[in-house]
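Peer 1: Requesting a structural model of the entry that follows:
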Amino acid sequence: MRLSYLLEGDCRTHYDDVASRIAAFASETARQSEWLFHAHDLGRLAGLAYALASPLTECRSALEKSVPAYREVFSRRGTSHYFRTPYKDGKPLPEETVVEDGYTSRDSFQAVLTSLVVQGLPETRALVTLAGSKPGASLVAPQSEVCTTNEQTISEALNALVQEDRKRAAGEARKLEVRKGSQLDKQTAATIVTIATGGDAAGEIETLLAFHTRMARARDRWTDCSTYLCLPALGLASLAIQLGELDPSDLDAEALYAPTALLRPA
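Peer 2: As a prediction, the model looks like this:
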């Protein structure tokens, strides 16, 4: 086990369940929501494989496979829908169809970070363009379980930085300085600002990893396989390197939640 505080038997069972779902995935008939769940499953598999001390090549392979799955999700934006019955004066009106994006900024943020880890900037920029701006905006709220306001803002900041609009990236990310939010969200935003403005990216990533480590080791997060790797640290490190704002040698190659061996070659 790479993450020795976890229960190996539970991780192995979870790994087998996720791997089974991935193997059974029917891409030919999958709907947008199924593609999204499949993309998330591949991310889960990468984290579980890492925790179980599988070769890093397996972790990277799962991350690589998740990117085209996200691409399928984003290419179907606006094709998902549901039915609802509106009311007026307490009386039901005819049923109406409500079209939705099918994903949120939380999902696109995850996808863009993953792409940065395993692909170059041109491919990631294409993914940002495909995902579009502020997907699922109607679901966003400060305490939303689907996508918080801070998550949407950080996603917009990352997208701007990927497109090398540094001024906009810093402006969006700085919004978190005056908002309530988690230490991890605020530090992610601070790291984006630092990369955008040419500051000490290595130092900010180190701080981001410190906050992630504290969160991941909390007993109530042990079963959350999204904590087994620090995707924000990995993705932002890769972005800083590709933008010429970070020398790979300045990173801790053996960082427990962000091993640099997972990153695409510089």
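Peer 1: Quick one: residues contacting residue 223.
Peer 2: Residues in contact with residue 223, defined by CB atoms under 8 Å, 6 or more residues apart in numbering, are 10, 14. From N, CA and C alone the C-beta is placed, and that goes for glycine too.
Peer 1: With the one 5 residues further on instead?
Peer 2: For residue 228, the contacting residues are 3, 47-48, 50-51, 216, 257, taking CB under 8 Å, 6+ apart as the criterion.
Peer 1: Turn those into JSON lines, columns for secondary structure and distance to residue 110.
Peer 2: What follows is the contacts of residue 228, written out as JSON lines (DSSP: H, G, I helix; E, B strand; the rest coil; distance: CB to CB, whole Å):
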{"residue": "3", "secondary structure": "coil", "distance to residue 110": "20"}
{"residue": "47", "secondary structure": "helix", "distance to residue 110": "12"}
{"residue": "48", "secondary structure": "helix", "distance to residue 110": "16"}
{"residue": "50", "secondary structure": "helix", "distance to residue 110": "16"}
{"residue": "51", "secondary structure": "helix", "distance to residue 110": "18"}
{"residue": "216", "secondary structure": "helix", "distance to residue 110": "16"}
{"residue": "257", "secondary structure": "coil", "distance to residue 110": "16"}
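Peer 1: Over to the spatially most central residue of the chain: give its phi and psi.
Peer 2: In the chain, the centroid-proximal residue (CA atoms, centre = their mean) is residue 110; its distance is 1.6 Å. Dihedral angles of residue 110 (phi, psi; degrees, to the nearest 10) stand at phi -60, psi -40.
Peer 1: gap between it and residue 36?
Peer 2: Distance of residue 110 to residue 36, computed by CB to CB, to the nearest Å: 10 Å.
Peer 1: helix or strand right after the helix or strand bottoming out on mean pLDDT in the chain?
Peer 2: Across the helices and strands of the chain, the lowest-confidence element by mean pLDDT, DSSP states H and E is strand 80-84, at a mean of 64. Going down the chain from strand 80-84, the next helix or strand is strand 87-88, by DSSP states H and E.
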